[in-house]
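**Q** Structure for this input, please:
(chains A and B)
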There are 2 protein chains.
Amino acid sequence: MTELNITDLELISENKMFGGLQRVYSHPSRVCNGPMRFAIYLPPAALNGNKVPVVTYLSGLTCTEDNVTVKAGAQRIASELGLIFVAPDTSPRNQNIPGEDDSYDFGSAAGFYLDATEEPWAGSYNMYSYITRELQDVLSANFSAADMNRQGITGHSMGGHGALTIHLKNPDLFKTCSAFAPICAPMSCPWGEKAFSGYLGSDKALWENYDATELVKKSPSSATLLVDQGSADTFLVEQLKPELLKKACETSGQKLTLRMQEGYDHSYFFMATFIEDHLRHHLNGLS
Amino acid sequence: MTELNITDLELISENKMFGGLQRVYSHPSRVCNGPMRFAIYLPPAALNGNKVPVVTYLSGLTCTEDNVTVKAGAQRIASELGLIFVAPDTSPRNQNIPGEDDSYDFGSAAGFYLDATEEPWAGSYNMYSYITRELQDVLSANFSAADMNRQGITGHSMGGHGALTIHLKNPDLFKTCSAFAPICAPMSCPWGEKAFSGYLGSDKALWENYDATELVKKSPSSATLLVDQGSADTFLVEQLKPELLKKACETSGQKLTLRMQEGYDHSYFFMATFIEDHLRHHLNGLS
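**A** Below is the predicted model of the structure:
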């Protein structure tokens, strides 16, 4: 179902970069109850009439579509490899929900890539449906160069959690998956506990549906997950917990390449260092 | 003369990136009358005890040391080539001069890489001396890996003006030079006229000392200047005027590689696209 047509897209900015075009669009979203933004890089191959694979990048807490677009250097390698690189915003905005802008880790810029069931969030905080359905329709309807049958998903921190869980629940839609310093077990860390309590309520059976470590136990995918994690990341022990994901992968047979990167922190300096490896991982899995 | 010793440097941040270290320092500056910041990327080769070339990047209007550090992707290629990449701030700060923060193109973040002669700017707005003397002393005293005999200079927009003029006046200090969308003839454009009037007064003989097109006529260097300019840059016609620099180079015999880049604008998306070419240009000239 195509919910939106091309006339609903508003071009916010366009800049030439590495021979391709970096654009930002706004469009009305039904599942998020208002306008949503996403950035999209169209490599030269896409501008020349080819169908090319699509990699969607999910950003972390406090981010918009802008952070990865200006900081990661992803366009250079997307240009070289011939990949469309999509970076959506991280939550609905301006919902007039009391407290939506009060915390860096809940509400605005903290959508956690789930569909909220608790009020007052349930009517708009539906980033899971946005990424897996609505944005899919928008991309498919408006970008003929996007090969929707060859898609990968990646992300950083909260977005790494999103990439892992969305891949595991939709392995035929997003066939490849990687993550930078992901929240690997949100049911077992303060960020996840706060978000899941607020968006999903107290029924932990619902929580398991959005926890990568739990999902891996129940339904591993046939892909190899690539995860990079900095050893000097100040969130590593309390919030990220890749050891729990690793153990679950070993138990369930999920293939995982977990690389502990000595001395790297949680920043985009870390993420920019390894984005080339990740995009090559996706291209290899989608070829 | 070493004006400052290592204990005067305050480390503001440090992040591992591409195997090297991205640092930001603050230090007291005499010529700028207060603390100044600069970013420095130390590639793996520098951390392993080698003496490596140094490329200084001068930023444009409104920038700090942060913009190029997070947006350009320069560290990736500096790591590969083994270059120290230095990015100073663009002006003194917090001088309590009336109006210093009122304009984007004069005062704070608009130092124009000259030594002001007009009050109240003359006591602090001395970015020319800062780049060519004081920062040199700081780098030499504190970074043993920096080969001060192999230095290049580059920059963007106002910083491109700075790179061209500082190279032409100091070809033995900064042996190589390149620029991204530089202000090529500040005496002949609104940005330059405003800045030179304010910092230097009405004597245009003083202005010529900081105008790349005028300097090329009088004292060309033996280096080849590399200049990239986007054809879709909205400042091209009124402010940047590479055609005047080109004509002066042809007249004086200054070697110039001026590349008009079709469809690129004035942003860091443009600059990031071509930074690899520029750093290779510097390494080639410094080897």
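**Q** Which residue would be the closest one in the stretch 151-287 of chain A to chain B?
**A** Nearest residue of the stretch 151-287 of chain A to chain B: A:Phe269, at 4.0 Å (CB to the nearest CB). Using the backbone N, CA and C atoms, a C-beta is placed for each residue, glycine as well.
**Q** how close does that residue sit to B:Gln239?
**A** 32 Å (CB to CB, to the nearest Å).
**Q** who's in contact with A:Gln254?
**A** Contact analysis of A:Gln254 by CB atoms under 8 Å, 6 or more residues apart in numbering or on different chains lists A:Val216, A:Pro220, A:Ser221, A:Leu225, A:Ala248.
**Q** For chain A, which residues are neighbours of chain B?
**A** Counting by CB under 8 Å from any CB of the partner chain, the residues of chain A close to chain B are A:15-19, A:22, A:70-71, A:73, A:75-76, A:230, A:232, A:263-265, A:267-270, A:272-273.
**Q** re the thing from before, average model confidence for the helix or strand where the residue of the stretch 151-287 of chain A closest to chain B lies?
**A** Using DSSP states H and E, A:Phe269 falls within helix A:268-286. Taken as a whole, helix A:268-286 has an average pLDDT of 98.
**Q** Buried residues in it, which are they?
**A** A:268-276, A:278-283, A:285-286 (16 or more other CB atoms under 10 Å in any protein chain shown).
**Q** One more: stretch A:215-234?
**A** Here stretch A:215-234 shows A:215-217, A:220-221, A:223-230, A:233 as buried, counting by 16+ other CB under 10 Å.
**Q** Let me know the pLDDT of the most centrally placed residue in chain A.
**A** By CA atoms, centre = their mean, chain A has its centre lying nearest to A:Leu58, at 2.3 Å. Note for A:Leu58: predicted pLDDT of 98.
**Q** and the gap between it and chain B?
**A** Using CB to the nearest CB, to the nearest Å, A:Leu58 is found at 20 Å from chain B.
**Q** what bridges to that residue?
**A** Under DSSP bridges, the beta-bridge partners of A:Leu58 are A:Gly155.
**Q** likewise A:Thr224?
**A** A:Lys255.
**Q** Would you confirm that it contacts A:Leu256?
**A** Yes - A:Thr224 lies in contact with A:Leu256 (CB atoms under 8 Å); the separation is 7.0 Å.
**Q** can you give me the strands in chain A?
**A** A:10-17, A:20-29, A:34-42, A:52-58, A:84-88, A:146-155, A:176-180, A:224-230, A:255-261 (DSSP state E).
**Q** Which of those strands sits closest to B:Asp203?
**A** Nearest to B:Asp203 among the strands of chain A is strand A:10-17 (40.3 Å), distances taken as CB to CB.
**Q** Not counting residues beside it along the chain, what's closest to A:His282?
**A** Ranked by CB to CB, 6 or more residues apart in numbering or on different chains and with sequence neighbours excluded, the top spatial neighbour of A:His282 is A:Gly152, at 3.6 Å.
**Q** which residue ranges form the helices in the stretch 51-200 of chain A?
**A** Ranges of helices in the stretch 51-200 of chain A, per DSSP state H, counting those that start in this stretch, are A:66-71, A:74-81, A:127-129, A:135-142, A:158-169, A:190-200.
**Q** Switch those over to TSV, and while doing so, append mean neighbour count and mean pLDDT to every line.
**A** Converted to TSV, these look like this (neighbours: other CB atoms under 10 Å in any protein chain shown; pLDDT from 0 to 100):
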stretch	mean neighbour count	mean pLDDT
helix A:66-71	21	98
helix A:74-81	23	98
helix A:127-129	22	98
helix A:135-142	19	96
helix A:158-169	28	98
helix A:190-200	20	98
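**Q** Any idea which of those helices gets closest to B:Ala109?
**A** Closest approach to B:Ala109 among those (CB to CB): helix A:66-71, 18.4 Å.
**Q** Measure how buried whichever residue of the stretch 51-200 of chain A sits closest to chain B is and give me the count.
**A** Nearest to chain B, among the residues of the stretch 51-200 of chain A, is A:Gly73, at 3.9 Å (CB to the nearest CB). Using other CB atoms under 10 Å in any protein chain shown, A:Gly73 has 24 neighbouring residues.
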